[in-house]
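>>> this one's sequence-less:
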Ligand code: PEP
């Protein structure tokens, strides 16, 4: 079941990069490219996920960009509201700063920063209740893929959150399929393998919610200009979550163009 009428999204995940001055320069370069080669929001939606301290400055700097660019938080607290929780940024505080999107479930947070299923569910519940939209990341490890468990693992990660997402809240969720072995390694899943997994994810979503055929499913894992065209041509790949290549304005713009051209 193809979700090919979905407007693609290309989102840059800057992770713990770059330094402030470099980020400002990167944004200016990207803005210039958007002037030279415009990407219309009907063809492709753009997003950037900077570090938490740069969320509002990045948003301000992009306000006059030739194409709208959504600002995405890389994380949100498991604790809701406000209070004595040193170092935390709640969903409500993000919303109050006009940040409407958040990444949840990225494999780096699952593997390195203690985001287990209990924490992920709390984050998802808080984000949705505060009116945020979520990019929920799923993906299997190399060992799981080699053991033939990739689909089972990924579909379980989606079922895991179904109990905290209310029926109408599925419209506020995107999925990012990011095989862990392809993140930051230069190895990309072949377009055929990525499409096969996206198709399975689409089928699972359609079983979970009547909104399933309209849910955006991004691919992530060493997406670069060289592989973006092939990935963009796959019917169930509705965009990309881009790490390393989003730190280069030209590469990120080319990836967005590849997805935008699918809509021409
Ligand atoms: C990511 O971390 O979301 C990602 C896809 O990284 P990269 O593009 O560098 O593999």
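All right, it came through fine. Since the structure is predicted, the reported quantities are computational estimates derived from the model, not experimental observations. Residues are numbered from 1 along each chain as shown.
>>> quick one, what contacts the closest residue to residue 117 other than its chain neighbours?
Nearest residue to residue 117 in three dimensions, chain neighbours excluded: residue 160, at 5.7 Å (C-beta to C-beta, 6 or more residues apart in numbering). For the C-beta atoms, the positions are set from N, CA and C on the backbone; glycine is no exception. Taking C-beta atoms under 8 Å, 6 or more residues apart in numbering, we find residue 160 in contact with 117, 120-121.
>>> out of these, who's nearest the ligand?
For the ligand, the nearest member of the contacts of residue 160 is residue 120. The distance, counting by C-beta to the nearest ligand atom, is 15.9 Å.
>>> list the buried residues in whichever helix or strand that closest one is part of.
Taking DSSP states H and E as the criterion, residue 120 maps to helix 117-129. Buried residues in helix 117-129, counted by 16 or more other C-beta atoms under 10 Å: 119-128.
>>> could you measure from the residue nearest to residue 117 over to the ligand?
Shown here: residue 160 relative to the ligand, a distance of 19 Å by C-beta to the nearest ligand atom, to the nearest Å.
>>> okay, that residue: pLDDT?
At residue 160 the predicted local distance difference test score is 95.
>>> any idea whether it is helix, strand or coil?
For residue 160, the secondary structure call by DSSP: H, G, I helix; E, B strand; the rest coil comes out as helix.
>>> what of the one 5 residues further on?
Per three-state DSSP, the secondary structure class of residue 165 is coil.
>>> isn't it up against residue 120?
No. Contact status for residue 165 versus residue 120: not in contact, 11.7 Å apart, counting by C-beta atoms under 8 Å.
>>> and the lowest mean pLDDT element among the helices and strands of the protein?
Least confident helix or strand of the chain, by mean pLDDT, DSSP states H and E, is helix 142-146 with a mean of 94.
>>> over to the residue of the stretch 1-150 of the chain found nearest the ligand: give its phi and psi.
The nearest approach of the stretch 1-150 of the chain to the ligand comes at residue 13, 4.3 Å away (C-beta to the nearest ligand atom). With angles defined as degrees, to the nearest 10, residue 13 sits at phi -100, psi 100.
>>> quick one: contacts for the closest residue to the ligand within the stretch 151-264 of the chain?
When scored by C-beta to the nearest ligand atom, the stretch 151-264 of the chain has residue 243 as its residue closest to the ligand, at 2.1 Å. By C-beta under 8 Å, 6+ apart, the residues touching residue 243 are 12-13, 15, 183-184, 220, 222.
>>> can you pick the most crowded of those?
Ranked by neighbour count (other C-beta atoms under 10 Å), the contacts of residue 243 have residue 12 at the top, with 28 neighbours.
>>> and it, how far is that from residue 189?
Note on residue 12: its distance to residue 189, by C-beta to C-beta, to the nearest Å, is 19 Å.
>>> which one among the contacts of residue 243 sits at the bottom for pLDDT?
Between the contacts of residue 243, the one the model trusts least by pLDDT is residue 184, at 85.
>>> residue 222 is in contact with that residue, correct?
Yes. Under the contact definition of C-beta under 8 Å, residue 184 touches residue 222, with a separation of 7.1 Å.
>>> quick one: pLDDT of the closest residue to residue 80 other than its chain neighbours?
By the measure of C-beta to C-beta, 6+ apart, the closest residue to residue 80 outside its immediate chain neighbours is residue 126, 4.5 Å from it. Reading off the confidence values, residue 126 has pLDDT 98.
>>> report the contact partners of residue 126.
For residue 126, the contacting residues are 76-80, 90-91, by C-beta under 8 Å, 6+ apart.
>>> for the stretch 151-264 of the chain, what lies in contact range of the ligand?
178, 183-184, 220-223, 241-245 (C-beta under 6 Å from any ligand atom).
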